[in-house]
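Chemist: I would like to see how this sequence folds:
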Amino acid sequence: MSTGDNRAGEGPGRPAAGIDIKHLESVLIEMGKSLRAISIYPAGHPQRANLLGQAYGGIQVALQFLGDLTLQVSRQGFLYNDQKIAEGQALPRELAQEMHLRQIKSFSLRKELSLDDFTAFLELLLEGPENFRSGRFIEQWIREKQIKSVWINEMDFSRLSTSDQAFEEGAAEPEAPRPEDHIAEALALLAGEDDPERFGQLLRELEVLARPLIEGKSFEAALEIMDAIAAAAADPERKGAAGEQIRALAQRSARALGRGEFLRWMLERYAEREGRERQELQRTIAPLGPSVIDEIMMLLARTESISAGRPLIDLALSFEGEARSVLERHLKDEDAGKLRKAAYLLGELRDRRSVEAVRKLLDHKDDKVRREAIRALVRIRGMEASRALAAALSNEGNPEVRIIIVSALGESRDLAGAPALMNLLSSVPPREDTMALLTAVIESLGRIGSKEALPHLIKVLNKWPLFNRGKYLPLRIKAAEALGRLGGESAMQALARYSRGKDDPLHRTCAAVLTALLKNDGRPVENIEEHLK
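Modeler: Now for the predicted structure:
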């Protein structure tokens, strides 16, 4: 690098002897002001020209003292001869971060710096960081703008013309920095960074590096970046307000990257893997939030079977509160398969706040959807769920689904379901086509254990129709078994009536149930009749 008008005995890039370091700082501050100005005001705006002119004038004065000036650029700031410059000052720090993002490791301002070259150099810093990945963008920019009084990364571009033919014959092209080296450096810095502002700058840099990988479907390479960001989003070692801010920044960055095809790839990989690798993927996916549930729903919709996607189901359930709101939104979907899966997952979450949303599916036209909604309400449990199921009994026209609702009420063992079952037992006539339903009603009343059901069950036990006595017998046997669950003196008296004399299935069942009740009550059973006088 030529030293131009540097004073004798002074090396390139060194200020004249005795010059205060504040001259260097003033150059950086003026550059920072200028960058802000051109980012705010468009080309041709008088305020832009005025601010640029003022800053350029100040830099020209400083360069008369400093001579050609070379500064090294790091993410944290600037160095001159290994000495930190303008450390802790906002404008120079922002300027250094913008240069670092654009792979500018050093720059030199020549003493003959022109206003056009100065402006073009600053405009370079407004270009998107992704443009600099190839390593040729800076070179192309300098050639296009014909900049001669600014050197970048120790390269003298004054020898370049606007044509590629202007390269010296046989001259080697500058080696482009490798993206993987840049990624490794940024990841290493991210792990040890505790300042939220600098941490955020690193995240932006990593996002710029990750996006081309994702767009190019290099998901394995992008996953390394996602792993590091996700780890920071869940790092418990970061304490206080700064730690909280860093975790929030990392979560926001992870959600910006972990979407679309990349997220789908991670989820498919999660479903295929096992053990430690699956656990590591879950930690990476965890900060991504509601978008994960949406994508899981898309993947589950590929198969009719719900249980086939068990790993993804378990992953969705791990989001708990976030999952609930997303799944309830999917209950408005027109696709019956998605509705079933959303209802199933809400049932697995067992959050009683979802009862009202699931209840609406009990009126759906698809039998399978209604069945899944019933199962979900059974798993959610609680009085509201039981009331929803009981109310659905009067509207349900499919006999098979009615039986499922009845059985579900029995499984819930909620007393709120007993009145609807007792009403059904009294209102449905015993016919061949209703026997399965009545059997389920009796069994469920026995499971619920409401004492109010005693007279209804005793009435079934005592029923002895003139016709089809054999077909009605299974109902009487079920009623005897249900009375055994409820217990009490009235149940034992009813059972005693049919526990002696004849030797048939009903009498044997009543005798066995009565014996069990007496034992549970602590009474001897050698002579049952004595205890029932």
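Chemist: C-alpha from now on. contacts and neighbour counts both.
Modeler: Fine.
Chemist: where are the low-confidence patches of the chain?
Modeler: 1-20, 134-135, 154-179, 305-308, 465-469, 524-533 (pLDDT under 70).
Chemist: now do the strands in this structure.
Modeler: Remark: strands assigned in the chain by DSSP state E are 69-73, 78-80, 83-85, 106-109, 150-152.
Chemist: mind putting these into CSV with distance to Ala496 and mean neighbour count?
Modeler: Putting the strands of the chain into CSV (distance: least, Cα to Cα, whole Å; neighbours: other Cα atoms under 10 Å) gives the following:
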stretch, distance to Ala496, mean neighbour count
strand 69-73, 97, 23
strand 78-80, 98, 19
strand 83-85, 99, 16
strand 106-109, 101, 21
strand 150-152, 103, 22
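Chemist: the residue nearest the centre of the chain: what's it in contact with?
Modeler: Central residue of the chain (Cα atoms, centre = their mean): Gly289, 1.9 Å from the mean position. Residues near Gly289 by Cα atoms under 8 Å, 6 or more residues apart in numbering: Arg255, Phe319, Glu322.
Chemist: against Ala301, how distant is the second one?
Modeler: Taking Cα to Cα, to the nearest Å as the measure, Phe319 and Ala301 are separated by 19 Å.
Chemist: which residues are in contact with the closest residue to Ala228 other than its chain neighbours?
Modeler: Nearest non-adjacent residue to Ala228, counting by Cα to Cα, 6 or more residues apart in numbering: Leu187, 7.0 Å away. Residues in contact with Leu187, defined by Cα under 8 Å, 6+ apart, are Leu206, Ile225, Ala228.
Chemist: make JSON lines out of these and add distance to Asp366.
Modeler: Converted to JSON lines, those look like this (distance: Cα to Cα, whole Å):
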{"residue": "Leu206", "distance to Asp366": "48"}
{"residue": "Ile225", "distance to Asp366": "45"}
{"residue": "Ala228", "distance to Asp366": "45"}
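Chemist: which of those fall within helices?
Modeler: Taking DSSP state H as the definition of helices, the contacts of Leu187 contribute Leu206, Ile225, Ala228.
Chemist: include neighbour count and distance to Lys332 when you put those into CSV, please.
Modeler: Below are the ones in helices among the contacts of Leu187 laid out as CSV (neighbours: other Cα atoms under 10 Å; distance: Cα to Cα, whole Å):
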residue, neighbour count, distance to Lys332
Leu206, 23, 38
Ile225, 22, 36
Ala228, 17, 36
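Chemist: out of those residues, who's nearest Arg269?
Modeler: Ile225 (16.5 Å; Cα to Cα).
Chemist: wait, the closest one touches Ala210, no?
Modeler: Yes - assessed by Cα atoms under 8 Å, Ile225 is found in contact with Ala210 at 7.0 Å.
Chemist: find the residue closest to Thr70 in space, skipping its chain neighbours.
Modeler: Using Cα to Cα, 6+ apart and skipping residues adjacent in sequence, the residue nearest Thr70 is Ser108, 4.2 Å away.
Chemist: hmm, I typed the wrong one, I wanted Gly200.
Modeler: Nearest to Gly200 is Leu249, by Cα to Cα, 6+ apart, at 6.5 Å.
Chemist: of the strands of the chain, give the one that comes closest to Ser407.
Modeler: strand 69-73 (72.7 Å).
Chemist: which strands or helices does that closest one pack on?
Modeler: strand 78-80, helix 90-101, strand 106-109 (3 or more Cα pairs under 8 Å, 6 or more residues apart in numbering; DSSP states H and E).
Chemist: ok, 6 Å please
Modeler: Where contact means 3 or more Cα pairs under 6 Å, 6 or more residues apart in numbering; DSSP states H and E, strand 69-73 is packed against strand 78-80, strand 106-109.
Chemist: quick one: the nearest residue to Arg485 once chain neighbours are set aside and Ala256, what's the gap?
Modeler: Nearest non-adjacent residue to Arg485, counting by Cα to Cα, 6+ apart: Gly446, 5.6 Å away. Counting by Cα to Cα, the gap from Gly446 to Ala256 is 54 Å.
Chemist: which one's more surrounded, the two?
Modeler: Neighbours were counted for Gly446 and for Ala256 using other Cα atoms under 10 Å; Gly446 has more, 27 against 12.
Chemist: and Phe118, how many neighbours?
Modeler: Neighbours of Phe118 (other Cα under 10 Å): 20.
Chemist: ok, now Gly192?
Modeler: 9.
Chemist: check Asp68 too.
Modeler: Based on other Cα under 10 Å, the number of other residues close to Asp68 is 26.
Chemist: give me the phi and psi angles of it.
Modeler: Phi and psi for Asp68, reported as degrees, to the nearest 10, are phi -60, psi 130.
Chemist: so it touches Lys111, yeah?
Modeler: Yes - taking Cα atoms under 6 Å as the definition, Asp68 is a contact partner of Lys111 at 5.0 Å.
Chemist: related to what we said a few turns ago, and the helices and strands packed on strand 69-73: which comes nearest Pro42?
Modeler: It's strand 106-109; of those, that one is closest to Pro42 (Cα to Cα) at 24.4 Å.
Chemist: any idea how far Ser426 lies from Arg485?
Modeler: 20 Å.
Chemist: more neighbours, those two?
Modeler: Arg485 (19 against 14).
Chemist: roughly how far apart are that one and Leu517?
Modeler: Taking Cα to Cα, one finds Arg485 at 9 Å from Leu517.
Chemist: residues contacting Phe137?
Modeler: Counting by Cα atoms under 6 Å, 6 or more residues apart in numbering, Phe137 makes contact with nothing.
Chemist: okay, it and Leu125: tell me how far apart.
Modeler: Taking Cα to Cα as the measure, Phe137 and Leu125 are separated by 12 Å.
Chemist: Glu348: neighbouring residues, count only.
Modeler: A count of nearby residues for Glu348, using other Cα under 10 Å, gives 18.
Chemist: not counting sequence-adjacent ones, nearest residue to it?
Modeler: Nearest one to Glu348, counting by Cα to Cα, 6+ apart, is Arg379 at 6.8 Å.
Chemist: now swap in Met297 and tell me
Modeler: Excluding the flanking residues, the one nearest Met297 by Cα to Cα, 6+ apart is Lys338, at 6.9 Å.
Chemist: what about the one you found, how many residues close to it?
Modeler: Using other Cα under 10 Å, Lys338 has 23 neighbouring residues.
Chemist: what about it, distance to Leu506?
Modeler: Counting by Cα to Cα, the gap from Lys338 to Leu506 is 47 Å.
Chemist: returning to that earlier point: now intersect the contacts of Gly289 with the helices, please.
Modeler: Going by DSSP H, the helices hold Arg255, Glu322 from these.
Chemist: for Glu277, state which of the contacts of Gly289 is nearest.
Modeler: Phe319 (19.2 Å).
Chemist: just to revisit the earlier point, can you pull the contacts of the residue nearest to Thr70?
Modeler: Residues in contact with Ser108 (Cα under 6 Å, 6+ apart) are Leu69, Thr70, Val150, Trp151.
Chemist: related to what we said a few turns ago, which of the contacts of Gly289 has the most neighbours?
Modeler: If you rank these by neighbour count (other Cα under 10 Å), Arg255 sits at the top with 21 neighbours.
Chemist: what sits closest to it if chain neighbours are left out?
Modeler: Using Cα to Cα, 6+ apart, the closest residue to Arg255 is Leu288 (4.8 Å).
Chemist: pull out the buried residues from stretch 282-300.
Modeler: 282, 284-297, 300 (16 or more other Cα atoms under 10 Å).
Chemist: give me the distance from that stretch to the chain's centre.
Modeler: 5 Å (Cα atoms, centre = their mean, to the nearest Å).
Chemist: over to stretch 476-486?
Modeler: 50 Å.
Chemist: equivalent analysis for stretch 232-248, please.
Modeler: 18 Å.
Chemist: equivalent analysis for stretch 360-368, please.
Modeler: With Cα atoms, centre = their mean, you get 29 Å for stretch 360-368.
Chemist: tell me which residues in that stretch are buried?
Modeler: Leu361, Leu362, Asp367.
Chemist: could you do stretch 204-215 as well?
Modeler: Glu205, Leu206, Glu207, Val208, Leu209, Ala210, Arg211, Leu213, Ile214.
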